[in-house]
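> the following comprises the amino acid sequence and a computationally predicted model.
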Amino acid sequence: MLREDLRTLWTEPRPPDAPARVWRDWPLLAAGLSGVVLEATLRENVVWRPVAAVFAVWLCLLPLWRRTRPLAMVTLAFGSVILLQVAWLVAAPSEPVGLYTGGVVLVLVYALPRWGSGREIVLGGAVILAAGALCSVTDETPVVENVVGFVFLLLPGVFGAAVRFWMTARERQLEQVRSREREQLARELHDTVAHHVSAMVIIAQAGGVLAGNAESTGA
């Protein structure tokens with residue numbers, strides 16, 4: 001049973017008609033870039049400030065392709081997080097590297113199950129879990145906080161999966177309604193055609209009878 005469920009998930013196609021851009025993308029991008037500028041300028045304990053700022057700008061740009069390239073964007077974002085975390089381990093600065101604005105990657109976590117295929121969801125989920133596990137292992141925060149962080153990281157993905165399930169169910173319901181309407185229209189058309197054909201047959205028979213009577217009268 002579990003194997004069949006995994007196989008079904010692996011072969012699940014992408015949702016059709018994923019929009020490349022919507023109007024919400026631009027306010028999100030503007031808010032992210034503004035946050036980068038403000039945080040990189042005003043926050044005092046930023047380690048490797050130029051690197052952190054460029055990295056945050058990079059993360060803010062990736063959501064622009066989250067619907068059409070969900071796996072690629074997740075891989076680029078969380079792969080960069082892994083590389084930055086490794087660099088932090090090697091250089092061992094006093095504070096973690098990065099800006100809080102990098103939290104925009106949560107949008108990518110939402111987009112992966114919302115717009116990705118089953119294969120992309122599995123592979124992208126592995127990348128996300130790997131990045132989260134590395135950050136948790138190398139971080140000195142308590143276990144409870146790490147667990148809460150994991151839940152907070154995965155929550156947008158759960159929400160994205162729920163939205164996808166709801167939209168799929170709604171589309172199936174609409175398709176059933178359209179199918180019933182087509183069946184009803186076909187039945188009505190059939191009844192109308194049958195009625196007209198029957199009327200034509202009756203008229204033809206009546207004409208034949210009248211013609212026969214006329215011939216008999218004439219004889």
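Sure, I can see it.
> do I have it right that residue 10 meets residue 122?
Yes. Residue 10 lies in contact with residue 122 (CB atoms under 8 Å); the separation is 6.4 Å. C-betas here are computed from N, CA, C, even on glycine.
> okay, those two: which has more neighbours?
Between residue 10 and residue 122, counted using other CB atoms under 10 Å, residue 122 has the larger neighbour count: 16 against 13.
> what sits against that one?
By CB atoms under 8 Å, 6 or more residues apart in numbering, the residues touching residue 122 are 9, 10.
> helix/strand/coil for it?
helix (DSSP: H, G, I helix; E, B strand; the rest coil).
> do residue 20 as well
coil.
> contacting residues around it?
Taking CB under 8 Å, 6+ apart, we find residue 20 in contact with 65, 67, 68.
> mind running it again at 6 Å?
Taking CB atoms under 6 Å, 6 or more residues apart in numbering as the criterion, residue 20 is in contact with residue 68.
> roughly how far apart are it and residue 67?
Noted for residue 20: a distance of 7 Å to residue 67, by CB to CB, to the nearest Å.
> then residue 113?
Distance, residue 113 to residue 67, using CB to CB: 12 Å.
> between those two, who's got more neighbours?
residue 113 (23 against 20).
> so the more buried one lies in a helix, does it not?
Yes. Under three-state DSSP, residue 113 falls within a helix.
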